[in-house]
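**Q** just coords:
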């Protein structure tokens with residue numbers, strides 16, 4: 001069964017750091033571009049970052065310079081290292097797999113599928 005499971009979220013103070021993990025099962029993650037999205041209460045889903053199977057990366061302007069996406073194909077995981085967290089980063093974070101035929105780079109939710117249940121990130125003092 002195709003599944004993505006996110007973990008690593010939590011409560012952190014402004015300026016703090018978290019490392020999110022996205023674990024894949026049921027398919028070889030290293031064949032696919034994987035993206036991280038987030039959704040805050042009352043707001044639309046927002047693309048955060050994506051990474052191709054070969055390691056090319058792309059970031060939304062809101063997180064550029066603070067977040068780093070990486071992948072460990074041997075362990076079927078993708079990570080999102082988040083530094084310099086701000087209250088506006090508070091959201092549920094999801095990972096998702098790119099659809100066949102999408103055009104790189106893309107952080108459009110419609111270009112992705114099979115997202116997980118998400119992990120809550122709360123940035124507050």
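**A** Thanks, I have the structure now. All values derive from a computational prediction rather than experimental measurement. Residues are numbered from 1 along each chain as shown.
**Q** what about this structure, any weak spots by pLDDT?
**A** Within the chain, not a single segment meets pLDDT under 70.
**Q** need the residue closest to the centroid of it.
**A** residue 36 (2.0 Å; Cα atoms, centre = their mean).
**Q** which residues does the closest residue in space to it that isn't next to it in sequence contact?
**A** Excluding the flanking residues, the one nearest residue 36 by Cβ to Cβ, 6 or more residues apart in numbering is residue 48, at 4.3 Å. All C-beta spots, glycine's among them, are computed from the backbone N, C-alpha and C. Counting by Cβ atoms under 8 Å, 6 or more residues apart in numbering, residue 48 makes contact with 35-38, 59-60, 62-63, 67, 80, 93, 107.
**Q** adding distance to residue 114, write those out as JSON lines.
**A** Listed next are the contacts of residue 48 as JSON lines, based on distance: Cβ to Cβ, whole Å:
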{"residue": "35", "distance to residue 114": "11"}
{"residue": "36", "distance to residue 114": "14"}
{"residue": "37", "distance to residue 114": "12"}
{"residue": "38", "distance to residue 114": "17"}
{"residue": "59", "distance to residue 114": "22"}
{"residue": "60", "distance to residue 114": "21"}
{"residue": "62", "distance to residue 114": "24"}
{"residue": "63", "distance to residue 114": "22"}
{"residue": "67", "distance to residue 114": "22"}
{"residue": "80", "distance to residue 114": "17"}
{"residue": "93", "distance to residue 114": "15"}
{"residue": "107", "distance to residue 114": "16"}
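**Q** among those, which ones are buried?
**A** Among these, those buried by neighbour count (16 or more other Cβ atoms under 10 Å) are 35-38, 59-60, 63, 67, 80, 93, 107.
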